[in-house]
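**Q** model the structure of this input:
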Amino acid sequence: MNITVEDIAAYLADVSEAVKSDRFQIELNDKRQDNRKLFFDYVIDESGAKEILLQLDPLDFSDIKNNDNPRFPDERLYVFGKEVSLVKRFGTGEKLVSLYIKINKLQDNYVIVVSFHEGRYPIKYYFK
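**A** Got it, this is the predicted structure:
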């Protein structure tokens, strides 16, 4: 993959613009149980998720994946990792959580956050 920090910065600028204007959604359907679990396990709502998305930095970038949905073979999904401190919903205190975030920016600059959950594996950062 031949991608630069500037490429990712431009991508994130588009994502930030979409998020700021509420032209985004976080997938919480039945196929996205890990996303739902994050909101169940921690005190976080859509505004908190929005804040995290707006804090993404090119150094958080990990990978670009092809969409494995056969209906959308041309879509590219950008993967990011972000460490954030979240309050546990059950129990006490905060926990440093490594998030796995996968974003699909559509041609009309609408953003679908396909994955927004605790990472299952350590993330490999492209620029670090």
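
**Q** where does the nearest residue to residue 53 once chain neighbours are set aside sit: helix, strand or coil?
**A** Leaving aside its chain neighbours, residue 53 sits nearest to residue 19 (5.0 Å; criterion: Cβ to Cβ, 6 or more residues apart in numbering). (Each C-beta comes from the backbone N, C-alpha and C, glycine too.) Assigned by DSSP: H, G, I helix; E, B strand; the rest coil, the conformation of residue 19 is helix.

**Q** gap between residue 19 and residue 54?
**A** Residue 19 is 6 Å from residue 54, where distance means Cβ to Cβ, to the nearest Å.

**Q** equivalent analysis for residue 78, please.
**A** Distance from residue 78 to residue 54, by Cβ to Cβ: 15 Å.

**Q** residue closest to the middle of the protein?
**A** residue 101 (2.6 Å; Cα atoms, centre = their mean).

**Q** so it lies in a strand, does it not?
**A** Yes: according to three-state DSSP, residue 101 belongs to a strand.

**Q** that one against residue 53, yeah?
**A** Yes: counting by Cβ atoms under 8 Å, residue 101 touches residue 53, with 7.4 Å between them.

**Q** now do the shared contacts for the two.
**A** residue 113 (Cβ atoms under 8 Å, 6 or more residues apart in numbering).

**Q** distance from the chain centre to stretch 64-72, please.
**A** For stretch 64-72, the separation from the chain centroid amounts to 16 Å (computed by Cα atoms, centre = their mean, to the nearest Å).

**Q** which residues of the protein fall in helices?
**A** Assigned by DSSP state H, the chain shows helices spanning 5-20, 33-41, 46-54.

**Q** these: which one's closest to residue 116?
**A** Residue 116 lies closest to helix 33-41 among those, at 5.1 Å (Cβ to Cβ).
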